[in-house]
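*Asks:* For reference, the sequence and a predicted model appear below.
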Amino acid sequence: MSTNKTYTVPTYAAFGWLTFSTFLAVFGPLLPVESFRTIHGDFLDAKPFTAGHWFGVDSNGYDIFSGIINGARLSLFVAFITVGIGGFIGSLLGITAAYYRGRYDSIVNTAFNVVLAVPNLVLALALVAVLATNVDINEAVPTWRRLATLMISLTVVIIPILGRIARASALTWSGREFVVAARSMGMRDRHIIWRHIVPNVLPVLIAVGFLAVGVVIIAEASLSLLGVGIPDGASWGGMIARGRNDLEYNPHALYFPIIALALTVISTNHLGDVLRGRLDRREARL
Amino acid sequence: MAGSGYAHLRDSDDVVLALRDIVVEFRVGGGRVVNAVSRISIDVRRGETLAIVGESGCGKTTLGKAILQLPAPNTGQVMFEGTDLTKLPKEQLRSARTAIQMVFQDPISSLDPRMTVGEIVGEPLWIWGRGSEADREAKVRELLNNVGLDPELVLHRRSYEFSGGQCQRISIARSLALEPRMLICDEPVSALDVSIQAQILNLLQDMKDRYGLTMVFISHDLAVVKAVSNRIMVMYLGKICEVGSPDAIYSKPAHHYTSALLDSVPVPDPAYQRNNVALQGEPPSPVAPPTGCRFRTRCPAASPLCAAEEPLLREVAPDQFVACHHPRL
């Protein structure tokens, strides 16, 4: 009767990498690593495995190892926060739409489809362009406002992705007979949603949430490449954007952020798939 | 329309549930409407078991749910103990309908896979805040005992650990938690093995006696119905064909549809010769039901009258009512 609990090596690796990078993200500032802003003028373009700079130094004199650790914090912070907020809003809309149906459902569903029809990056770019621009173009936009705008844009991208999944899942659960039974017993709608629908929809959302984290990390990196990512180019995407300029004579400045980014996205995608595959274990019976 | 009429309604003080001209329609897009239930009137006396019989898709389940206002009928009255449930404000309906509970066809789908059996059976008590936590648990244990489950063994398990028959027992325990006066059983044994069916039917009968329940028993299985019911209502495409006592209906069915249904019951005798051809084809679409009598497209006795005029229910024998222009007499 016990379900198959064996995981494969890639799953452990993915879980290990995410745990490790989350650890870096949370405890990075406490680690005995030099600030990523320190300029090492004597080590410009130092190759990897130089003593004291194991990942090398880029053309601006920034230590790449410090940059990776700091970037983990920013990239993961942005990804988890936006997926958290976007997922919450999206599933709130999706689940209530699926439960109450009717005109409200059509409106929510249409809105999701309209937003989904615009490619992620174009949408985020458009939102950043509109929200993070001052009327007076000579006045610089403050950093916090650029960061907030970026996160709002990415949240808007996430809402319909998770919202649609939540709606689809809630739709099947709302049709179950235990929901009809709960209503006949006099349970209030909000209690039915909270006690019967949400617990059943949640596992799917968590699984897809992992996939969404990957989407957001990529989107943020892409925006950084276009120059509108996390300000000061401190995220992994930002490091790639800066390193790109010196590609010919200092390619190692690109290797590490790219590897970190790729590992993270592959890990979240893989874990999302594994979780999604394991969800149906109860439903698979009968 | 076929199957309308009021000749079969009884005027009696002990009528608990009286349905009057119930209509349930669903929009299916493109401006089309499914006539799931078309002007059905029926009554149920206290302590009686009314069986609703018919093919899949004839509107039996919809009618059962319409009693609970899930969803409410488009038009018509649902008089339960003198109160019209269709007219009650939301909050009053919420408490009024706890007197009517339902047992569903799919025992797996009727239980939330994330809740323990204790939580499932105790849920109705939790909703209404009945008693303290300890009181509720005692009540849950008593209910589980009554339906033949050992509380110690099942209380903390989840529904997917149980067989269909056990799930149906849990479902019955839950439906009795609020001490309802009426139980609507929607094909409660169709999903179960034959050997388990008898156990569940006996359990329902026990519970009916113990709690003094009035039952509406929805089924397509005539053998099952014969075992449990006091009165049978045969439905076809959202209409009543025939209403009567089980004896009358089984010994001399007056409606051609009832007789075809009875003839389709398998007889465990290889030498048995059917004296009647089985029904041909599928029921017509409820989106565009036939004019007049809805059964005429498959009826062996159909005449031009059947297309022109809808037969009303009329008494053909004591306590046997049929909606047919050419009944089998």
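*Replies:* Alright, I've got the coordinates. Small disclaimer: the values here were computed from a predicted structure and weren't measured.
*Asks:* Quick check: residues of the stretch 151-286 of chain A near chain B?
*Replies:* Residues of the stretch 151-286 of chain A found near chain B, taking Cβ under 8 Å from any Cβ of the partner chain as the criterion, are A:176-178, A:180-188, A:191, A:196, A:199-200, A:282-283, A:285-286. No exception for glycine: its C-beta is placed from N, CA and C like everyone else's.
*Asks:* Please list the members of those residues that lie in helices.
*Replies:* When DSSP state H defines the helices, the subset of these inside them is A:177-178, A:180-184, A:191, A:199-200.
*Asks:* what's the most distant pair in those?
*Replies:* Among those, the pair separated by the greatest distance (Cβ to Cβ) is A:184 and A:199, at 20.0 Å.
*Asks:* Those two: which is more packed in?
*Replies:* Set residue A:184 next to residue A:199 and count neighbours by other Cβ atoms under 10 Å in any protein chain shown: residue A:184 wins out with 26 against 14.
*Asks:* List the residues that contact the residue nearest to the spatial centre of chain B.
*Replies:* Centre of chain B computed as the mean C-alpha position; nearest residue by Cα atoms, centre = their mean is residue B:218, 2.6 Å away. Under the criterion of Cβ atoms under 8 Å, 6 or more residues apart in numbering or on different chains, the neighbours of residue B:218 are B:51-52, B:60-61, B:63-64, B:184-187.
*Asks:* now the helices: where do they sit in the chain?
*Replies:* In the absence of a named chain, chain A is used. Using DSSP H, the helices assigned to chain A run over residues A:9-27, A:64-100, A:102-117, A:120-131, A:143-174, A:177-184, A:189-192, A:198-225, A:236-243, A:252-279.
*Asks:* hm, I was asking about chain B
*Replies:* B:60-67, B:90-96, B:117-127, B:133-146, B:151-154, B:164-176, B:194-211, B:222-228, B:246-251, B:256-263, B:304-308.
*Asks:* Can you give the distance of stretch A:101-114 from its chain's centre?
*Replies:* Its chain's C-alpha centre and that of stretch A:101-114 lie 25 Å apart, by Cα atoms, centre = their mean, to the nearest Å.
*Asks:* Do any residues in it lie close to chain B?
*Replies:* No - applying Cβ under 8 Å from any Cβ, one finds stretch A:101-114 separated from chain B by no less than 10.8 Å.
*Asks:* pLDDT of that stretch, averaged?
*Replies:* In this model, stretch A:101-114 has an average pLDDT of 94.
*Asks:* The lowest-mean-pLDDT helix or strand in chain B packs against which elements?
*Replies:* Here the helix or strand of chain B ranked lowest by mean pLDDT, DSSP states H and E is helix B:222-228, holding a mean of 86. For helix B:222-228, the helices and strands in contact under the criterion 3 or more Cβ pairs under 8 Å, 6 or more residues apart in numbering or on different chains; DSSP states H and E are strand B:49-53, helix B:194-211, strand B:214-219, helix B:246-251.
*Asks:* who are the neighbours in contact with residue B:44?
*Replies:* Contacts here follow Cβ under 8 Å, 6+ apart; on that basis residue B:44 touches B:15-18, B:50, B:182, B:214, B:216, B:231.
*Asks:* and which of those is nearest to chain A?
*Replies:* For the contacts of residue B:44, the closest approach to chain A (Cβ to the nearest Cβ) belongs to residue B:182, at 11.2 Å.
*Asks:* Flag the shaky bits of chain A, pLDDT-wise.
*Replies:* A:1-6, A:51, A:133-138, A:233, A:279-286 (pLDDT under 70).
*Asks:* got a markdown table for the helices of chain B, with mean neighbour count too?
*Replies:* What follows is the helices of chain B, written out as a markdown table (neighbours: other Cβ atoms under 10 Å in any protein chain shown):
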| stretch | mean neighbour count |
| --- | --- |
| helix B:60-67 | 23 |
| helix B:90-96 | 14 |
| helix B:117-127 | 22 |
| helix B:133-146 | 16 |
| helix B:151-154 | 15 |
| helix B:164-176 | 24 |
| helix B:194-211 | 16 |
| helix B:222-228 | 18 |
| helix B:246-251 | 18 |
| helix B:256-263 | 21 |
| helix B:304-308 | 14 |
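*Asks:* Now residue A:173. Nearest residue, chain neighbours left out?
*Replies:* Counting by Cβ to Cβ, 6 or more residues apart in numbering or on different chains, residue A:200 is the residue found nearest to residue A:173 once chain neighbours are left out, at 4.8 Å.
*Asks:* So the one you found sits against residue A:175, correct?
*Replies:* No - with contact taken as Cβ atoms under 8 Å, residue A:200 and residue A:175 are classed as non-touching, separated by 11.8 Å.
*Asks:* of those two, who's got more company?
*Replies:* Under the criterion of other Cβ under 10 Å, the comparison of residue A:200 against residue A:175 puts residue A:200 first, with 23 against 11.
*Asks:* who's in contact with the more buried one?
*Replies:* Residue A:200 makes contact with A:169, A:173, B:112-114, according to Cβ under 8 Å, 6+ apart.
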